[in-house]
Structure formats: C-alpha cells, structure tokens
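K.L.:
Just a sequence and a predicted model for now, questions to come.
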Amino acid sequence: MDFQHRAGSRPGAGPLVSREDANMERRERMKRLAMDTIDISKDPYIIKNHLGTYECRLCLTLHSTEASYLAHTQGRKHQTNLAKRQSKDMKDTQAFPQPKLTVAKRRTVKIGRPGYKVTKQRETETNQKSLMFELDYPQIEPRIKPRFRLMSSYEQRHEQPDDRFQYLLIAAEPYETIGFKIPNVEIDFSEDKHFTYWDDVTHKYTLQITFKNKQSGAHTVNPSIGPQTIQK
C-alpha cells in the first residue's frame, strides 16, 4: 500500500503514526521521566500488597511494577483525583481551622533558698574525695523533685570565669536555684560513687558526687562550698 500520498505525509517519510502508537510512545516517555525524577518511597498513595503488586490507594488501581505505577501517576485519572483530593483538603482546612495553641509561661514566686548541709568525705581504699549535699525543701510544690546539673565556669555571670572551678546547680520549685562552686575535676558517675535520693516524707534531697583521682603533678584546689544564686 502506498502511504506517500496520505494527507499530512511527506514524500519519502513513510506512513503517519497512528493515535494508539503516539499514546503508547507518550506513556513510555512519561514513564522513563518519572523513574528518573520521582522518589516513589515518598508517595503516600502507593502500597505493595501480599501478591507483590502495587496498588494506588487514591485511584484504587492495580499495577504489576513500580514503573507501571509511576506511569499511572502521570496520567489524567490520577492527576484529576489528586486535584480533587487537594481541593477537598483545602476546603476542610478552611471550614475547620486548626486552633492556635499558646502555652503560657510558668511564673512561680520564689520563696528563697533551701537549707543545706555539705559534708566532705574521702574513701580510704581509693583515696577519692567526695561531697555529700543534703538540702531541705519543706514547701516544695507537689509532684516536683529536685534536679541538678553541672555548669561550666564560663556559663555563669556571677563571677569572673575560672577554669579551675565548675558549678553544681540544684533546682526545685518554688525555691531559688542555688549553685555550689566545686573543683573542676572529672566526676566519677559509677553506681557506687554517685547517687541521689529524694525523701517524699521529710522533703530532704541528698546528692553525693565523687571526684576521680588526679594525675600526679596536677594542681590542688580547695572547693569553695556555699550556696549562690547563679545567673546564666
């Protein structure tokens, strides 16, 4: 059959491509493009069933391979359903706007510093020095337990920074946070060296910290024990 004289054809160019062939070529081209540009792991509508095939939860269609599913996502049906879903979500958001949650800052009236007692200790076997802190919180708020943390000398604004010392901060509402100036020596946090205890009946907080032994030739610093209100 001579195709050269069909409408729209050029001499020597062969027959025109049919509509089915053009659609097939377009689908293959879109499939290759989707495979190169789309991360299928981030698609919320794809699901792999127990048969090993892929389902589109938006359009309720079944696909044998990932490439087939990606080609489906570029088609008219999926794009139409996707636009409808986005429009519905936008209307729902406008009809039921999410309330803005505001968290009020907690303001507690401080009632002063707690009573305290500090005991210096030394273990005979390891020759390690330790400090035991006992603090009384008779008016502590319900369901509140004291907590502590170590702070570098460069974090505080109470004194000039001195790298020979660090600060032990102990806080419990509604009392003021107090700090103890202790040597800047590494703390031994092993179970038998370090412990804390809170007595719910007497409202007494006990904390023991043990310093690791210094290497020979290291300078010795006497701890300056005393409560201070620390300003960060």
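P.N.:
Nice, thanks for sending it over.

K.L.:
low pLDDT regions in the protein?
P.N.:
1-17, 31, 33-37, 95-99, 101, 103-106, 215-232 (pLDDT under 70).

K.L.:
so is residue 80 in a helix, a strand, or just coil?
P.N.:
Following DSSP: H, G, I helix; E, B strand; the rest coil, we place residue 80 in the helix state.

K.L.:
Look up how far residue 164 lies from residue 127.
P.N.:
Going from residue 127 to residue 164 by Cβ to Cβ, to the nearest Å gives 21 Å. Placement of C-beta: from N, CA and C, glycine included.

K.L.:
ah, wrong one, I meant residue 179
P.N.:
Using Cβ to Cβ, one obtains 16 Å as the distance from residue 179 to residue 164.

K.L.:
So between the two, which is more surrounded?
P.N.:
Between residue 179 and residue 164, counting by other Cβ atoms under 10 Å, residue 179 is the more crowded of the two (24 against 10).

K.L.:
which element is the more buried one on?
P.N.:
strand 178-183 (DSSP states H and E).

K.L.:
and that strand, which strands flank it?
P.N.:
Strand 178-183 sits in its sheet next to strand 165-171 (antiparallel), strand 224-229 (antiparallel), going by DSSP bridges.

K.L.:
Give me the distance from it to the chain's centre.
P.N.:
31 Å (Cα atoms, centre = their mean, to the nearest Å).

K.L.:
then that strand to PDB, C-alphas only?
P.N.:
Provided in PDB are the C-alpha atoms of strand 178-183 (Å, rounded to 0.1, in the frame of the first residue of the first chain):
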ATOM      1  CA  ILE A 178      21.400  27.600  94.100                       C
ATOM      2  CA  GLY A 179      24.900  26.800  92.900                       C
ATOM      3  CA  PHE A 180      27.900  25.300  94.700                       C
ATOM      4  CA  LYS A 181      31.400  26.200  93.500                       C
ATOM      5  CA  ILE A 182      33.400  23.000  93.300                       C
ATOM      6  CA  PRO A 183      36.800  22.000  91.700                       C
END
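
K.L.:
Can you name the next helix or strand after that strand?
P.N.:
Assigned by DSSP H and E, the successor of strand 178-183 is strand 187-188.

K.L.:
what packs against that next one?
P.N.:
On a contact count with 3 or more Cβ pairs under 8 Å, 6 or more residues apart in numbering; DSSP states H and E, strand 187-188 meets strand 204-211.

K.L.:
Which other helices and strands does the strand it packs on contact?
P.N.:
Secondary-structure packing of strand 204-211 (3+ Cβ pairs under 8 Å, 6+ apart): strand 129-136, strand 165-171, strand 187-188, strand 195-199.

K.L.:
Quick one: closest of those to residue 61.
P.N.:
Judged by Cβ to Cβ, the one of those that comes nearest to residue 61 is strand 165-171, at 59.4 Å.
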